[in-house]
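[1] Here you go, sequence then predicted model.
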Amino acid sequence: MLNLLSKNVQNIIIKIILGLIVLVFMFWGFSGGYNTRTSVVIASVNGREISRVEHEQAYDRMLSNFKNQMKQFQGDMSNELLEKLNIRQRALDELIKKILLQQEAKNLNFVVNNKEIKDAIKNYPEFQENGRFSLERYMFTLKQNRIRPVEFENSRRDMLLLAKVENIITDSVQVSDIEALNEYKRRNEKVSINYLKFNPVDFKDKVEVTDDELKAYFNENAASFNIQPKVKTEILAFENDAFARKAEVTDDEIKDYYIKNKDDFIQDEEVKVSHILIKSTLGEDPQKRADAKKEAEEVLHKYNNGEDFALLARKYSHDKDTAMNNGYIGWIKRGKKDKAFEDAAFAQEPGTVSGVVEARDGFHIINVMDKKEEKLKELGSVEYSIKKKLALMKAKRKINELIKKARKEVFLSKNLAAYAKNNDAALLTPPPFALGEKVQGIGRKSEFNRQVFEVPEGDVSDIIELSRGSYIVKVIQKIPSKTPELGEVKEPVKEKVVAIKSKELAEEKANEALKKAQAGVGIAKISQEYGLLVELSENFPRMGSSAPKIGVSEELVNAAFGLSNEKLYPNKIFNVNNNFYLIRFVAKDEVSSEKFKKEKPFLLKQLRMEKANRVFASYIEGLVEKADIQIFQEL
């Protein structure tokens, strides 16, 4: 599979492709029958038109795949995340890149013959029975996914054609022994440092702020202290929890719900796994696929010879999301991973490691750590949750009944306090709040605030429904925005000035301490003078650019590796997360030449693949820059 996507998006899309055969067609030729002649044209690439229908199909598939992927990791995608991902633009970008590669293949006179297509299709595990291609299974799988054989075969032709372009661009990519050694050092060479941390917070008490400084800062930054428009309100609250606590749920109701909804109380079979992945996308060049399998077999051989699985995962796995956590994936259920991966994982006993498992995204070595069998949960174990659910259902029905009557009454009377006093509702009187502010008693709910701000002064809102309950709001006063006088915002202005001066003082003291250290004063003596602790950041590599207990700072980490017993201190201090650090060399764990020699063949393969990906991505960007790309409609 071509590596066309940005790193994070690529990881997600490749994982998604493992799920369904139909996903092969996202960008590599499957069109679902669009016709540019009967659809609005939104863009063109060197004269080749892209229709809105074609783009919408690509968008729908990408959106669906992102959503499915997110469900596996952290639940449903929020609208905010969807907006940040800008999937419509991503889909168009990938269509453009696909078209450019198709045009390049044509310019290079590349063709794919029928035998190549036939061989590629025969290699799909989904179309095989007992390791052999099955025409019946092939036709059935395509029919299940509503794909005609000609569409599938044409899509394979496109994929193989584009793979030929990738191969000719990347076949000459080489990695030298020096590059491999430098990368091996980056991953395995470690350094330890002492450090003094100059935290601006610790200098706040030493800072003095004059009235003139406050005035000067306020005058330069007055707009940032503007008071936003606010509303003063009364809120009639019918909250789910309050009504649920009063709801009566009988034992018979609980038992009846359990009997009628037993499917809801099935504990799915699960396995707890970690893995090592050597990536190789199904359908790529057969030699690359074979090389990836050989790499996986080499890693498995190391494990079988007694090497630790966790260390092997950290060193060799291509799954960057899990490698740094010893390959740990966690608990998985059926239907969430590639079928071959799941079949192997669920067939294993806890405490065992699989052989090399071939899947669409490459070759896995799976460590099954624990297993839970499928079973019906006992009534006693779910009784409390059923009771809560039934109480909430009753509460919502009661609220729905009451709030409609309340809305009619307060719409006429405008007296929420009187209604709350005489009925089963709570009255909230939060401080005035702005459109984007948290509302006391409600929380930060943008939709609530939006609806309230639309209500005229003195009027009553419609029913506002939130996950925690239903509300009716009276807007007592609308407070307009204004630029305050300094006296109205003196405290927040002072906080800003103190923070700035504290940071300046911390940086000044850190630089002062560095000069003393470079002049030969010991770090222990310096720490006593400034009332700080000498702390240790121990055994960290260049890779990741993170120093334990300090944080991520490529500049600091690189400087630490430039230190030695001959040069104990760097030439500067470092600002990491608004703290200033003076660091001192302690020790360096040099790499073993013997270990490097042993690991070099595998490392050279891995680095060549990564370098080839970068070269091909750069090649595609070059095509984009030279192309005549016209966008006719905004997405």
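    Nice, thanks for sending it over.

[2] Where does the prediction get shaky in the chain?
    Of all residues in the chain, those with pLDDT under 70 make up the ranges 1-39, 68-79, 282-284.

[3] go with 50
    1-37 (pLDDT under 50).

[4] how about the strands in the stretch 251-400 of the chain?
    Counting by DSSP state E, counting those that start in this stretch, one finds strands in the stretch 251-400 of the chain at the ranges 266-267, 270-279, 328-333, 352-359, 362-372, 375-376.

[5] Sheet-wise, list the partners of the third one with their directions.
    Which is strand 328-333. strand 270-279 (antiparallel) (DSSP bridges).

[6] Report the angle between the strand it pairs with and strand 362-372.
    Here strand 270-279 runs at 170 degrees with respect to strand 362-372, directions being taken by axes from the mean of the first three to the mean of the last three Cα atoms, to 10 degrees.

[7] got the CA coordinates for strand 270-279 in PDB?
    Extracted C-alpha coordinates of strand 270-279, given in PDB (Å, rounded to 0.1, in the frame of the first residue of the first chain):
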ATOM      1  CA  GLU A 270     -11.900 -11.200  25.700                       C
ATOM      2  CA  VAL A 271      -8.200 -11.700  25.500                       C
ATOM      3  CA  LYS A 272      -5.500  -9.400  26.900                       C
ATOM      4  CA  VAL A 273      -2.700  -9.100  24.400                       C
ATOM      5  CA  SER A 274       0.600  -7.500  23.500                       C
ATOM      6  CA  HIS A 275       2.200  -7.900  20.100                       C
ATOM      7  CA  ILE A 276       5.200  -7.300  17.800                       C
ATOM      8  CA  LEU A 277       4.200  -6.100  14.300                       C
ATOM      9  CA  ILE A 278       6.400  -6.100  11.200                       C
ATOM     10  CA  LYS A 279       4.400  -4.100   8.700                       C
END
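
[8] Distance from the chain centre to it, please.
    19 Å (Cα atoms, centre = their mean, to the nearest Å).

[9] Check stretch 334-354 too.
    25 Å.

[10] Can you give me the buried ones in it?
    336-338, 340-342, 344-346, 348, 353-354 (16 or more other Cβ atoms under 10 Å). Every residue, glycine included, has its C-beta placed from N, CA and C.

[11] one step back: mind putting the strands of the stretch 251-400 of the chain into TSV with distance to residue 134?
    As requested, these are arranged in TSV below (distance: least, Cβ to Cβ, whole Å):
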stretch	distance to residue 134
strand 266-267	32
strand 270-279	27
strand 328-333	28
strand 352-359	17
strand 362-372	23
strand 375-376	35
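
[12] most tightly surrounded among those strands?
    Highest mean neighbour count among the strands of the stretch 251-400 of the chain (mean count of other Cβ atoms under 10 Å): strand 270-279, with a mean of 24.

[13] orientation of it relative to strand 352-359 in degrees?
    With the same axes, to 10 degrees applied, the angle from strand 270-279 to strand 352-359 works out at 50 degrees.

[14] rewinding a little: which one of the buried residues of stretch 334-354 is nearest residue 182?
    Residue 182 lies nearest to residue 353 out of the buried residues of stretch 334-354, by Cβ to Cβ, at 32.1 Å.

[15] My guess is residue 398 contacts residue 243. True?
    Yes. Contact criterion Cβ atoms under 8 Å: residue 398 and residue 243 qualify, at 5.4 Å.

[16] circling back to that earlier point, quick one, which of the strands of the stretch 251-400 of the chain is nearest to residue 576?
    Among the strands of the stretch 251-400 of the chain, strand 328-333 sits nearest to residue 576 (Cβ to Cβ), with 27.6 Å.

[17] and the gap between residue 581 and residue 614?
    32 Å (Cβ to Cβ, to the nearest Å).

[18] More neighbours: those two, which one.
    Neighbours per residue, other Cβ atoms under 10 Å: of residue 581 and residue 614, the larger number sits with residue 581, 24 against 12.

[19] secondary structure element for that one?
    Element membership for residue 581 (DSSP states H and E) is strand 579-589.

[20] Return the set of residues that bridge with the closest residue to residue 228 other than its chain neighbours.
    Closest residue in space to residue 228, ignoring its immediate chain neighbours: residue 434 at 3.9 Å, by Cβ to Cβ, 6 or more residues apart in numbering. Note on residue 434: beta-bridge partners residue 230, judged by DSSP bridges.

[21] Ok, residue 579 next?
    residue 576.

[22] tell me which residues in stretch 96-104 are buried?
    Residues of stretch 96-104 classed as buried under the neighbour-count rule (16+ other Cβ under 10 Å) are 96-104.

[23] List the contacts of residue 542.
    185-187, 189, 557-558, 561 (Cβ atoms under 8 Å, 6 or more residues apart in numbering).

[24] Now, these that are in helices?
    185-187, 557-558, 561 (DSSP state H).

[25] Figure out how far stretch 446-464 is from the centre of its chain.
    Counting by Cα atoms, centre = their mean, stretch 446-464 is centred 35 Å from the centre of its parent chain.

[26] same question, stretch 429-439
    31 Å.

[27] what's the answer for stretch 298-306, then?
    32 Å.

[28] List the buried residues in that stretch.
    299-300, 302-303.

[29] One more: stretch 464-476?
    464-465, 469-475.

[30] what are the ranges of the helices in the stretch 351-500 of the chain?
    379-413, 416-422, 446-453, 490-518 (DSSP state H, counting those that start in this stretch).

[31] how about those helices in CSV, adding mean neighbour count?
    As requested, those are arranged in CSV below (neighbours: other Cβ atoms under 10 Å):
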stretch, mean neighbour count
helix 379-413, 15
helix 416-422, 15
helix 446-453, 16
helix 490-518, 17
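
[32] Relative to residue 553, which of these is closest?
    Using Cβ to Cβ, the helices of the stretch 351-500 of the chain put helix 490-518 closest to residue 553, at 14.2 Å.

[33] which other helices and strands contact the closest one?
    Packed against helix 490-518 by the contact rule (3 or more Cβ pairs under 8 Å, 6 or more residues apart in numbering; DSSP states H and E) you find strand 190-198, helix 211-220, helix 523-530, strand 579-589.

[34] Out of those, which one sits most buried?
    strand 190-198 (a mean of 22).
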